[in-house]
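> Sequence plus the predicted model coming up.
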Amino acid sequence: MANAPVQRMSQLMAKTLRDDPADAEVLSHKLLVRAGYVRRTAAGIWSWLPLGKKVLANVERIVREEMDAIGAQEVSLPALLPREPYEATGRWNEYGAELFRLQDRKGGDYLLGPTHEEIFTLLVKDQASSYKDLPVILYQIQTKFRDEARPRAGILRGREFLMKDSYSFDTADEGLAESYALHRAAYQRIFERLGLDYRICAATAGAMGGSKSEEFLAPAEAGEDTFADCPNCDFAANTEAISYALKPVDATGVPAAEDIDTPDTPTIETLAASLGVPASATLKNLLVKVDGEIVAVGVPGDREVDLDKVEAHFAPAVVEMVTEADFATRPDLVRGYVGPQGLEKVTYLADPRVAPGTSWITGANKVNTHARNVVAGRDFEVDEYVDVVVVEEGDPCPLCGTGLKLDRAIEIGHIFQLGRKYADALKLDVLGQNGKPVRVTMGSYGVGVSRAVAALAEQSADDKGLCWPKEVAPADVHVVAAGKALQTELALDVSGQLAAAGVRVLVDDRAGVSPGVKFTDAELIGVPKILVAGRRAAEGIVELKDRRTGDREELPVADAVARLT
Ligand code: ATP
Ligand code: MG
Ligand code: MG
Ligand code: MG
């Protein structure tokens, strides 16, 4: 067994803090900063210190092992990307203000990659010429850049963050379904190994386009997504998915009319399919209200609403028709989905391209934007009126009728069947069995690697601090020298023995720091086992403590070492 490292706290480039950082809103942000894992460099931009880097590397390793296990091949593509391929797919504009754009010294346009469908498509176009070269799954673990409108919540929503993104390429639809299933299973293993509590939820395809999409959501107070979960059956859906996507708007923040009613706009059939409910209902417009707030709105296509059927199929507690009069007398129904707050949780309406103060009125074929405080019908024409579907706690599950639970969650992973959207835009064909070109079909799959660290911190922390599952912890054992030279000597000796047996050790050998402070720090840092060389060091007796349960026991050094190796 190779020697594992011993990290001495006396030399560690990280200071623990007694107080929460002033700007921290969520638990993971507070604890990761206080325990010396990360430091803020600028809004939404973070530096990883040694302990944080170890946890991040452990998450990366697990992701890498499970990707390799499904036959995916790791590559490393640039983060600094040319404009042209993103121009070809329309995303140079559609991505809006979230895209970091920059120019080189010659005035050429570039972007910092927020996600890499275009570049992977071009790579495969360059490398694969025949159906024999497919299927293939490629992935990278790479820094991504998104100029998030409200980078808050620390590591959970960075403007620079680490993502595992993979892309599958197949010639046939069945192949895509298989690649998707492989990823789904790999993600289940990844999140189980990470020790994350998660649900797989029906999701909207969002900015990626495509047909089928599911999200891996980790329930946590700090989460920015809300999902409906059935306590009795398998039904789970992001409330975003109970709504559907408005088409992207152009870079100026004004949506183009032709962007609204395209073949990509989900129909009631695809919507119903993604929710696993029968598709006999017709539906014109839909709003989703959570905690009394309208959080989603969408236009599924040019169809008539039959409210009875909407009620029957979505089984909502309340279906509310919004009339022209409502728009005049209840401007909140208009503005409920326009402000920065009301829009925050919805893929498209959360899009920062919708400038603050922009309001959206949905029409069958048109979206109008207006400044705030305008009254629909008075200040502008309304073509269509929206119906409100309220999804509330206790609403019957569409599959089994049991009362739904609504919970907050963190999106830790997202898998998409993209279909041929990117292959069409960039003309990715391979020669088929019959010698004729075949258009390739694609999937794309993301894991928020840095976000997973924060999600784990959120789910596993207790009132004393961080509390890592073994596989991701920055060390296996935190050895505390609680006393003077004798204790320090014993602590270093035990650390050496453990390391020789392959156990990763963090040892608190700081001189002039009281045992009380060291114990508090050990609990804050959250290594699973704590070994204390203290009162009975002279007898060769140490204390072994479990960070999670708090169970402690005194035992001879040799027994403690045996227990930990
Ligand atoms: P969100 O809804 O939270 O903005 P997203 O749907 O825009 O996320 P995707 O495009 O699906 O994100 O990217 C794949 C994964 O990357 C997400 O599931 C998430 O785990 C992670 N991710 C996305 N944005 C961020 C961010 N700003 N900071 C950290 N991780 C992120
Ligand atoms: Mg999302
Ligand atoms: Mg996003
Ligand atoms: Mg997503």
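That came in fine, so what should we check first? Ligands and ions are numbered 1, 2, ... in the order given.

> Taking this structure, what residue is nearest to ligand 1?
Proximity of the chain to ligand 1 (CB to the nearest ligand atom) peaks at residue 448, 2.3 Å away. All C-beta spots, glycine's among them, are computed from the backbone N, C-alpha and C.

> Could you pull up the residues touching that residue?
161-163, 411-413, 455 (CB atoms under 8 Å, 6 or more residues apart in numbering).

> Kindly report the same for residue 43.
With CB under 8 Å, 6+ apart, residue 43 has these contacts: 151, 159.

> Mind doing that once more with 10 Å?
Neighbour list for residue 43: 23, 148, 150-152, 158-159 [criterion: CB atoms under 10 Å, 6 or more residues apart in numbering].

> which bits of the stretch 1-150 of the chain sit near ligand 1?
The stretch 1-150 of the chain comes close to ligand 1 at residues 115, 146, 148, as judged by CB under 6 Å from any ligand atom.

> of those, the lowest pLDDT goes to which?
Ranked by pLDDT, those bottom out at residue 148 (88).

> hang on, isn't that residue packed against residue 96?
No - taking contacts as CB atoms under 10 Å, residue 148 lies outside contact range of residue 96: 11.7 Å.

> contacting residues for residue 168?
70, 72, 120, 134-139, 175-176, 178-180, 182-183, 415-418, 440-445.

> measure the residue nearest to residue 90 when sequence neighbours are not counted to residue 141 for me?
Spatially, and ignoring its direct neighbours in sequence, residue 90 is nearest to residue 425 (7.4 Å; CB to CB, 6 or more residues apart in numbering). For residue 425, the distance to residue 141 (CB to CB, to the nearest Å) stands at 26 Å.

> Longest helix in this structure, by number of residues?
helix 173-194 (DSSP state H).

> helices or strands next to the following helix or strand past that helix in the packing?
Using DSSP states H and E, the helix or strand that follows helix 173-194 in sequence is strand 199-202. Packing partners of strand 199-202 (3 or more CB pairs under 10 Å, 6 or more residues apart in numbering; DSSP states H and E): helix 173-194, strand 213-219, strand 225-229, strand 236-238, helix 239-242, helix 268-275, strand 405-419.

> about what we covered before: restricted to helices, list the residues of the stretch 1-150 of the chain next to ligand 1.
Per DSSP H, the subset of those in helices is empty.

> Please give me every residue in contact with the nearest residue to residue 79 once chain neighbours are set aside.
Distances taken as CB to CB, 6+ apart place residue 113 nearest to residue 79, at 5.0 Å, with adjacent residues excluded. Neighbouring residues of residue 113 by CB under 10 Å, 6+ apart: 77-81, 86, 99-100, 119, 140, 142-146, 163, 165.

> For the helices and strands packed on strand 199-202, give me JSON lines that also has mean pLDDT, distance to ligand 1 and mean neighbour count.
Below are these laid out as JSON lines (pLDDT from 0 to 100; distance: least, CB to the nearest ligand atom, whole Å; neighbours: other CB atoms under 10 Å):
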{"stretch": "helix 173-194", "mean pLDDT": "97", "distance to ligand 1": "10", "mean neighbour count": "19"}
{"stretch": "strand 213-219", "mean pLDDT": "94", "distance to ligand 1": "7", "mean neighbour count": "25"}
{"stretch": "strand 225-229", "mean pLDDT": "85", "distance to ligand 1": "7", "mean neighbour count": "23"}
{"stretch": "strand 236-238", "mean pLDDT": "80", "distance to ligand 1": "9", "mean neighbour count": "26"}
{"stretch": "helix 239-242", "mean pLDDT": "58", "distance to ligand 1": "8", "mean neighbour count": "25"}
{"stretch": "helix 268-275", "mean pLDDT": "49", "distance to ligand 1": "15", "mean neighbour count": "20"}
{"stretch": "strand 405-419", "mean pLDDT": "94", "distance to ligand 1": "3", "mean neighbour count": "23"}
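
> To residue 526, which of those lies closest?
helix 173-194 (14.7 Å; CB to CB).

> Surely residue 503 touches residue 561?
Yes - taking CB under 10 Å as the definition, residue 503 is a contact partner of residue 561 at 8.5 Å.

> Need the overlap of contacts for those two.
477, 497.

> rewinding a little: now do the SS call for the residue nearest to residue 90.
helix (DSSP: H, G, I helix; E, B strand; the rest coil).

> Now that it has come up, it's in contact with residue 84, right?
No - at 11.5 Å, residue 425 and residue 84 do not qualify as touching, with contact defined as CB under 10 Å.

> Surely residue 29 forms part of a strand?
No - going by three-state DSSP, the assignment for residue 29 is helix, not a strand.

> How about the contacts made by it?
20-21, 23, 38, 40, 46, 152-156, 222, 454, 457-458.

> Narrow those to those in strands?
Judged by DSSP state E, strands contain the following of the contacts of residue 29: 38, 40, 46.

> Mark which of the contacts of residue 113 are part of strands, please.
Short answer: those in strands (DSSP E) are 80-81, 100, 140, 142-145, 163, 165.

> which among these end up buried?
81, 100, 140, 142, 144-145, 163, 165 (16 or more other CB atoms under 10 Å).
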